[in-house]
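Colleague: Below: sequence and its predicted model.
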Amino acid sequence: MFFDTDNVPKRIPNGRKYNKMWLINLLQSYCSVGFTPVDFQYIRNTIQFFVQNAKTAIELMNINYQIRDEENKRIAIYVNSSREPASVHYKLTPEQMHTLKLSMKKRYDVSRKDLYLRKIRFDQDLVNRGIDIFLDRRSCMTATLQIIQEDFPELLSLNVSNNKIYWLDGLSELIEKAPHVKTLNLSGNLVRTVWELEKMKGLKLEQLWLEGNPLCSSFQDHSSYVSAILNCFPELSHLDGMKLFPTIDINTLEIIKPYKESYKGSENLKNLLIQFMLQYYLIYDYGDRHSLLSAYDADACFSLAITFNSDKEDLSSLEDYFKDNRNMMRLKNSSLRMQLLKHKKHNIVTCLHELPKTQHDLNSYVIDLCVQTEKMICFSVNGLFKEVAGKSWGCVRAFTRTFILTADRDFRLCIVNDEMILRNASPTEIRKAFSTSRHQNLSVAVCAMRSTLEWH
């Protein structure tokens, strides 16, 4: 990474793996003076940016190898002299900035807090005054974001489609300049890799358009595309105008009460479990499963067992699960049974990450709450999913997942025990799976509730 100031440049190697905001906040915590990074860029495996204060440059140089990353590895910082960055050298004149600001105000919808900059380089007011605004040029993007910060601080939606943008280092500053943006339209540009999108991690996007960029055709299937984008923006609900997840209204869910006289649970508990499951499986299907680390207790346990519909069943499509199978009716080696029991959350999530990519049918779920105390919940989830990648693509599975949850010191739900039982779906289940004619609801079986949960 390079830090440049007053002709003094700096660099941190292997910086590509670091999130921009995380790194800047870390460096800032070690500096006695505040600084604003200029032209923050990811170049190969390094990060480069400039600072405009010599004292800051010296302080950054002095903490070379003195700070550590999240993996406890020392961070190297190199400082060297250099020219001023392009965004400063080719900075727009005050007159050009004024013209650009007027043009942008015409394109701003006050009621929707929406800024429409599609093909801004062809804006007639700019063309008539001989002003070239190419948003792939760092100086132009910097000027645009400066105006957004000063004049449209509450911006919610930004459209920069069809501007021949091929790298997103400049646009990554949107995180600081307009942190409230929820909708971003990048369609029709020249973005080639997901790595460019990762530069904007931290932006709380709900809607994103990417169609027409080369990166869209770089994936084997749509599921891989969605998964990669969600890894960058986990709060995304719409991609290229399409809703990613089914709409489930927890206020209209059907509640099955097999023993009405023993039903003593609260609506809050039901909603709590449903929200927990929705969040878990949306990450499991569409996000990076490594993100599930935060869902597990440090000393949690996980086991997987395969069951069979008949002795003549073709089990070849389940071979990806066999290496983790702990079916004790068939596994006689006690040492191996213990080895297959996954201890510690890192081992659990590593195992889950290696399992085939899936799409769960949320509307097939039946959730059965078995035991509830003030400090623990035990419940099971039955449902269907299909594999969406690999040689068993399209195969439908039936599963039962039993979870035991407790609350940590921050009153956050975490999994201490997780058991998955898996089998091939029956022909009837396969016909019903992912049926568009079925109602958008979940069946929740709630029974044997023993006391009121007091978690927050």
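Modeller: Looks like it arrived, so ask away.

Colleague: Centre-most residue in the protein?
Modeller: Pro234 (2.6 Å; Cα atoms, centre = their mean).

Colleague: Please tell me how far the nearest residue to it once chain neighbours are set aside sits from Asp151.
Modeller: Distance criterion Cβ to Cβ, 6 or more residues apart in numbering; nearest residue to Pro234, sequence neighbours excluded, is Gly287 at 5.4 Å. Where you see a C-beta, it was placed from the backbone N, CA and C, and this is true even at glycine. Distance of Gly287 to Asp151, given as Cβ to Cβ, to the nearest Å: 35 Å.

Colleague: Which one's more surrounded, the two?
Modeller: Neighbour count, other Cβ atoms under 10 Å: between Gly287 and Asp151, Gly287 has more, with 21 against 13.

Colleague: show me the contacts for that one.
Modeller: Neighbour list for Gly287: 227, 230-231, 234 [criterion: Cβ atoms under 8 Å, 6 or more residues apart in numbering].

Colleague: Could you tell me how far it is located from Thr358?
Modeller: To Thr358, Gly287 is 12 Å away according to Cβ to Cβ.

Colleague: try Tyr280
Modeller: Distance, Tyr280 to Thr358, using Cβ to Cβ: 12 Å.

Colleague: Surely the residue nearest to the centre of the chain and Leu292 touch.
Modeller: No: using Cβ atoms under 8 Å, Pro234 is not in contact with Leu292, being 11.4 Å away.

Colleague: Give me the common contacts of those two.
Modeller: Here Pro234 and Leu292 share the contacting residues Ile283, scored by Cβ under 8 Å, 6+ apart.

Colleague: Might one say that Ile77 is in contact with Asn64?
Modeller: Yes: using Cβ under 8 Å, Ile77 is in contact with Asn64, at 4.5 Å.

Colleague: and these two? which has more neighbours close in?
Modeller: Per other Cβ under 10 Å, whichever of Ile77 and Asn64 has more neighbours is Ile77, with 23 against 15.

Colleague: Mind jotting down where the helices sit in the stretch 301-450 of the chain?
Modeller: 319-322, 334-340, 345-354, 427-432 (DSSP state H, counting those that start in this stretch).

Colleague: most packed of these?
Modeller: helix 345-354 (a mean of 17; mean count of other Cβ atoms under 10 Å).

Colleague: CA atoms of that one as CSV?
Modeller: The C-alpha trace of helix 345-354 is given here as CSV (Å, rounded to 0.1, in the frame of the first residue of the first chain):
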residue,chain,number,x,y,z
LYS,A,345,-17.0,-23.4,15.3
HIS,A,346,-14.2,-23.1,12.8
ASN,A,347,-14.2,-26.8,12.1
ILE,A,348,-18.0,-26.7,11.8
VAL,A,349,-18.1,-23.8,9.3
THR,A,350,-15.2,-25.4,7.3
CYS,A,351,-17.3,-28.5,7.0
LEU,A,352,-20.4,-26.6,6.0
HIS,A,353,-18.4,-24.6,3.4
GLU,A,354,-17.3,-27.8,1.7
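
Colleague: Can you get me the start-to-end distance on stretch 206-213?
Modeller: Chord length of stretch 206-213, first to last residue, is 19 Å (Cα to Cα, to the nearest Å).

Colleague: Distance from the chain centre to that stretch, please.
Modeller: From the chain centre to the centre of stretch 206-213 is a distance of 15 Å (Cα atoms, centre = their mean, to the nearest Å).

Colleague: got the contact list for it?
Modeller: Outside stretch 206-213, the residues that touch it by Cβ under 8 Å, 6+ apart are 161-162, 182-192, 216, 229, 233, 235-241.

Colleague: Leaving out chain neighbours, which residue sits closest to Gln96?
Modeller: Closest residue in space to Gln96, ignoring its immediate chain neighbours: Ile131 at 5.3 Å, by Cβ to Cβ, 6+ apart.

Colleague: show me the contacts for that neighbour.
Modeller: If a contact means Cβ under 8 Å, 6+ apart, then Ile131 has 92, 96, 99-100 as its contacts.

Colleague: can you check Met21 too?
Modeller: Counting by Cβ under 8 Å, 6+ apart, Met21 touches 175-176, 202.

Colleague: Name the SS class of it, please.
Modeller: helix (DSSP: H, G, I helix; E, B strand; the rest coil).

Colleague: Could you tell me which of the contacts of Ile131 count as buried?
Modeller: For those, a neighbour count by 16 or more other Cβ atoms under 10 Å gives the buried set as 92, 96, 99-100.

Colleague: In the stretch 151-300 of the chain, what residue spans correspond to helices?
Modeller: Going by DSSP H, counting those that start in this stretch, the stretch 151-300 of the chain shows helices at 174-177, 194-198, 222-232, 267-286.

Colleague: rewinding a little: can you give me the pLDDT of the residue nearest to Gln96?
Modeller: You'll see Ile131 listed with a pLDDT of 89.

Colleague: Next, work out how far apart it and Leu190 are.
Modeller: 22 Å.

Colleague: average model confidence for stretch 385-404?
Modeller: Mean pLDDT, stretch 385-404: 89.

Colleague: Now stretch 287-303: buried residues?
Modeller: For stretch 287-303, by 16+ other Cβ under 10 Å, it's 287, 289, 292, 295-297, 300-303.

Colleague: Please apply the same query to stretch 357-374.
Modeller: In stretch 357-374, the ones that count as buried by 16+ other Cβ under 10 Å are 357-365, 367-369, 372.

Colleague: so how far is that stretch from its chain's centroid?
Modeller: On Cα atoms, centre = their mean, the centre of stretch 357-374 falls 22 Å from that of its chain.

Colleague: Domain-wise, how is this structure divided?
Modeller: Taking automatic domain parsing as the reference, the chain has its domains at 2-84, 90-243, 250-446.

Colleague: circling back: including distance to Leu341 and pLDDT, could the buried residues of stretch 287-303 go into a markdown table?
Modeller: Formatted as a markdown table, those follow (distance: Cβ to Cβ, whole Å; pLDDT from 0 to 100):
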| residue | distance to Leu341 | pLDDT |
| --- | --- | --- |
| Gly287 | 26 | 81 |
| Arg289 | 19 | 87 |
| Leu292 | 18 | 88 |
| Ala295 | 19 | 89 |
| Tyr296 | 14 | 91 |
| Asp297 | 15 | 90 |
| Ala300 | 11 | 94 |
| Cys301 | 6 | 94 |
| Phe302 | 8 | 94 |
| Ser303 | 5 | 92 |
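
Colleague: quick check, nearest of the residues you listed to Arg137?
Modeller: Gly287 (33.6 Å; Cβ to Cβ).
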